[in-house]
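> Need the 3D shape of this:
(4 chains, ligands or ions: 2)
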Amino acid sequence: MSTQLIQVDIVIPTHTKYLELIGNIGEQLVNKLDGYDGDKEALAYHLNLVLTEATANAIKHAPDQSQGTDTIRISICIDDNQLNIKVFDHGQGFDLEAVPLPDFDQPKESGMGLFLIKKLMDSVCYTKTPQHNVLEICKTL
Amino acid sequence: MSTQLIQVDIVIPTHTKYLELIGNIGEQLVNKLDGYDGDKEALAYHLNLVLTEATANAIKHAPDQSQGTDTIRISICIDDNQLNIKVFDHGQGFDLEAVPLPDFDQPKESGMGLFLIKKLMDSVCYTKTPQHNVLEICKTL
Amino acid sequence: MNITIEKRDGISLLNIGEERIDAHNSQQLKEFLLQQLEQGDKQLVVQLEKVRFMDSSGLGALLVGHKNALLKSGDLKLANMQPQVLSMFELTRLNRVFEIYANADEALAAAQ
Amino acid sequence: MNITIEKRDGISLLNIGEERIDAHNSQQLKEFLLQQLEQGDKQLVVQLEKVRFMDSSGLGALLVGHKNALLKSGDLKLANMQPQVLSMFELTRLNRVFEIYANADEALAAAQ
Ligand SMILES: Nc1ncnc2c1ncn2[C@@H]1O[C@H](COP(=O)(O)OP(=O)(O)O)[C@@H](O)[C@H]1O
Ligand SMILES: Nc1ncnc2c1ncn2[C@@H]1O[C@H](COP(=O)(O)OP(=O)(O)O)[C@@H](O)[C@H]1O
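Numbers count the residues shown, from 1 in each chain, chains lettered A, B, ... in the order given. Ligands and ions are numbered 1, 2, ... in the order given. The predicted model follows:
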């Protein structure tokens, strides 16, 4: 059997109204994964969530709150046993290692996004280059 | 107001099960077009249809019926007033100008796809290069 | 392909239970129609209420069914079409080929 | 944001009519809850049956409402949650913060 490679690359303006589009595309990709043995509905939700959280962060931290002029690129790649997501932003970037866990005893309004991404996926890393920053997320299917 | 550029690039194996994914993405893109004055539901259907027809042709005419090993790339670009679709195939190609209109008095099972694409969009052209063939479809919004 | 059949007054009412007919499943639709006609069900009413999307291969499948029904001195009518799907029949002028009814009752009344 | 309110026994039953709560509309949800509490509606039951998807900002909006209700000696309970949405509360352990009920009746009974 050949590998079923699906790749989706999306460029959107930095506006939250596109989160639904991005999340839905992730969900529909999962629905086409005939080979997946696990809970497909859960995986669809998780991919929707991870894409939504990562893209929302990229939009929130876009340079000078330039809603509409800057763009975010989201790249999703699925083959038979690997899910790879890259979210490119042009903001000032941040140190992923320095982001603390949420305080579960005194929960706060924000700060749960990256925790959920890490919890639901296998690996997350953030890289800064002169051109852009990339949040890269992987999961073995 | 800045231009709202949305770009989606999809690579799929040459299999018809992905037509729904491609068509749905087109439909959802249209749902995010806040600036569009026309009948959004009709445009969503038309983009779904055009993507489905063009992608189905690319799959049908993929080299040596290699379902699953070859890939099709679909590229959709929308800005405030222009919709641009490119469908790349690696088949033997064809002469778009030589494709006849359907015979409306003696309709046949096939041969209506390109007619519908031309009817619903503003321009269609097909280009062969050594790397790939491209069906390019444009519509002013 | 999800299709249910109900018989009324010697006419078969087919209900297509798919939201989408495209090149991925249109061959199944065609084969289903041909098999039905082959079995002697020559009066068909195809109800399309659930079908939200149909591409040219779906139109083609219905057309083959229609032609085959005529060859067998039968008939294939359409009913309960969604407006956007109907517009595909209009663009391809297949609305002049098929008898299209608002609902199954009207299609049945016309068949008597 | 589509939210309807029904009052029963001095308790406000809010019904969220959105399929999706994410960073695009969670601020509206938060402001709606805060406004409701501000107006003196201190006992809230938020029904989430329609909500198929909620991200961390949606959880955050409900949490702010909950905290604010407690500050005002009120309460914010949740009801009718979809399983996948509930799993977000479990992952973030917010199921230990909120009272979560199968339906509005059980939430109301618990509030008496
Ligand atoms: N793309 C990004 N650019 C800059 N900072 C980011 C980015 N993504 C996350 N962060 C930083 O990480 C922190 C934690 O992010 P997250 O867990 O998603 O929670 P929230 O966005 O709700 O604060 C953010 O507050 C922000 O400081
Ligand atoms: N991507 C393609 N590669 C090669 N030939 C094509 C391609 N797309 C269309 N054609 C040719 O154009 C004809 C008309 O296409 P179309 O109108 O879509 O109808 P159908 O696919 O039902 O025959 C096809 O029969 C085929 O010969």
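> rest of the way, CA atoms for contacts and neighbours
Will do.
> Now do the contacts for C:Gln84.
With contact taken as CA atoms under 8 Å, 6 or more residues apart in numbering or on different chains, C:Gln84 is in contact with B:42, B:45, C:52-53.
> mind running it again at 7 Å?
With CA atoms under 7 Å, 6 or more residues apart in numbering or on different chains as the criterion, no residue contacts C:Gln84.
> Kindly state the beta-bridge partners for the spatially most central residue of chain C.
Central residue check for chain C by CA atoms, centre = their mean: the C-alpha nearest the mean position is that of C:Val46, 3.5 Å away. Taking DSSP bridges, one obtains C:Leu14, C:Leu78 as the residues bridged to C:Val46.
> residues contacting it?
Under the criterion of CA under 7 Å, 6+ apart, the neighbours of C:Val46 are C:13-15, C:77-79.
> Can you tell me which of the residues you listed are buried?
For the contacts of C:Val46, burial is judged from neighbour counts taken by 16 or more other CA atoms under 10 Å in any protein chain shown, and it is met by C:13-15, C:77-79.
> all strands of chain C, in order?
Remark: strands assigned in chain C by DSSP state E are C:3-8, C:11-16, C:20-21, C:43-47, C:53-54, C:75-79, C:100-101.
> can I get those in CSV with mean pLDDT and distance to D:Val64?
Listed next are the strands of chain C as CSV, based on pLDDT from 0 to 100; distance: least, CA to CA, whole Å:
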stretch, mean pLDDT, distance to D:Val64
strand C:3-8, 96, 49
strand C:11-16, 97, 48
strand C:20-21, 98, 42
strand C:43-47, 97, 50
strand C:53-54, 98, 43
strand C:75-79, 97, 52
strand C:100-101, 98, 55
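> Can you add distance to ligand 2 and give those strands back as JSON lines?
Compiled in JSON lines, these are given as follows (distance: least, CA to the nearest ligand atom, whole Å):
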{"stretch": "strand C:3-8", "distance to ligand 2": "24"}
{"stretch": "strand C:11-16", "distance to ligand 2": "22"}
{"stretch": "strand C:20-21", "distance to ligand 2": "14"}
{"stretch": "strand C:43-47", "distance to ligand 2": "22"}
{"stretch": "strand C:53-54", "distance to ligand 2": "13"}
{"stretch": "strand C:75-79", "distance to ligand 2": "21"}
{"stretch": "strand C:100-101", "distance to ligand 2": "23"}
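> Format those as CSV; extra columns: distance to A:Asp34.
Below are those laid out as CSV (distance: least, CA to CA, whole Å):
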stretch, distance to A:Asp34
strand C:3-8, 23
strand C:11-16, 24
strand C:20-21, 18
strand C:43-47, 30
strand C:53-54, 22
strand C:75-79, 33
strand C:100-101, 37
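> Most tightly packed of the ones you listed?
Here the criterion is mean neighbour count by mean count of other CA atoms under 10 Å in any protein chain shown, and of the strands of chain C the winner is strand C:43-47, at a mean of 25.
> Run through the residues that contact A:Thr52.
Counting by CA under 7 Å, 6+ apart, A:Thr52 touches A:19, A:22-23.
> wait, I meant A:Met112
If you count contacts by CA under 7 Å, 6+ apart, A:Met112 has them with A:102, D:56.
> Just give the number of residues close to the closest residue to C:Arg93 other than its chain neighbours.
Excluding the flanking residues, the one nearest C:Arg93 by CA to CA, 6 or more residues apart in numbering or on different chains is B:Phe104, at 6.6 Å. For B:Phe104, the tally of surrounding residues (other CA atoms under 10 Å in any protein chain shown) stands at 13.
> Over to the one 10 residues further on?
Residue crowding around B:Leu114 was assessed by other CA under 10 Å; the count is 20.
> same deal with C:Asp105?
Other residues within reach of C:Asp105, judged by other CA under 10 Å, total 12.
> In helices only, show me the contacts of A:Thr52.
Helix and strand membership here follows DSSP state H; of those, those in helices are A:19, A:22-23.
> which one is A:Gly93 nearest to, not counting chain neighbours?
With CA to CA, 6+ apart as the measure, A:Asn133 is the residue that lies nearest to A:Gly93, at 6.5 Å, once sequence neighbours are left out.
> close enough to count as contact, the one you found and A:Phe94?
No - look at A:Asn133 against A:Phe94 with CA atoms under 7 Å: they stay out of range, at 9.2 Å.
> These two: which has the busier surroundings?
Per other CA under 10 Å, whichever of A:Asn133 and A:Phe94 has more neighbours is A:Asn133, with 20 against 13.
> quick one on the thing from earlier: what's the residue nearest to A:Gly93 in contact with, if anything?
With contact set as CA under 7 Å, 6+ apart, A:Asn133 has these partners: A:88-90, A:93, A:127.
> again, but for A:Ile74
Each residue near A:Ile74 by CA under 7 Å, 6+ apart is listed here: A:9-11, A:86-88.
> okay, among those, which ones form the most distant pair?
Comparing every pair within the contacts of A:Ile74 by CA to CA identifies A:Val11 and A:Lys86 as the most remote, at 11.8 Å.
> Neighbour count for the two, which is higher?
In this view A:Val11 and A:Lys86 are compared by other CA under 10 Å, and A:Lys86 has more residues nearby, 23 against 19.
> per-residue pLDDT, the more buried one?
Predicted confidence (pLDDT) for A:Lys86: 98.
> Helix or strand: which one has it?
Here A:Lys86, judged by DSSP states H and E, is contained in strand A:82-89.
> outside of that strand, which residues touch it?
Counting contacts by CA under 7 Å, 6+ apart, the residues outside strand A:82-89 that touch it are A:54-55, A:58, A:62, A:72-78, A:132-141.
> So what are the sheet partners of it and their directions?
Strand partners for strand A:82-89, identified by DSSP bridges, are recorded as strand A:71-79 (antiparallel), strand A:133-140 (antiparallel).
> So, low pLDDT: which residues of chain A?
Under the criterion pLDDT under 70, the flagged ranges of chain A are A:1-3, A:65-68.
> Might one say that C:Glu49 is in contact with C:Gln82?
Yes - taking CA under 7 Å as the contact criterion, C:Glu49 and C:Gln82 are neighbours in contact, 6.1 Å apart.
> In terms of neighbours, single out the busier of those two.
Neighbours per residue (other CA under 10 Å) separate C:Glu49 from C:Gln82, with C:Glu49 holding more: 19 against 15.
> contacting residues for the more buried one?
Neighbouring residues of C:Glu49 by CA under 7 Å, 6+ apart: C:80-82.
> between those residues, which is closest to B:Leu5?
Distances from B:Leu5 to those, taken as CA to CA, are shortest for C:Gln82 (31.8 Å).
> how far away is that closest one from D:Ile100?
To D:Ile100, C:Gln82 is 41 Å away according to CA to CA, to the nearest Å.
> from the middle of its chain, how far away would stretch C:24-34 be?
The chain centroid and the centroid of stretch C:24-34 are separated by 11 Å, computed with CA atoms, centre = their mean, to the nearest Å.
> in that stretch, what counts as buried?
The neighbour-count criterion (16+ other CA under 10 Å) identifies C:24-30, C:32-34 as the buried residues of stretch C:24-34.
> what is the rounded mean pLDDT of that stretch?
Rounded mean pLDDT across stretch C:24-34 is 98.
> So what touches that stretch?
Counting contacts by CA under 7 Å, 6+ apart, the residues outside stretch C:24-34 that touch it are B:16-17, C:1, C:57-58, C:61-62, C:64-65.
> Keep only those of those that are in helices.
For those, secondary structure assignment (DSSP H) places C:57-58, C:61-62, C:64-65 in helices.
> Among the residues you listed, which one lies nearest to ligand 2?
C:Ser57 (6.5 Å; CA to the nearest ligand atom).
> Test my guess that the closest one contacts C:Leu63.
No - with contact taken as CA under 7 Å, C:Ser57 and C:Leu63 are classed as non-touching, separated by 9.5 Å.
> neighbour count winner among the two?
Higher neighbour count among C:Ser57 and C:Leu63: C:Ser57, with 25 against 21, using other CA under 10 Å.
> What separation is there between the more buried one and B:Ile85?
As judged by CA to CA, C:Ser57 and B:Ile85 stand 21 Å apart.
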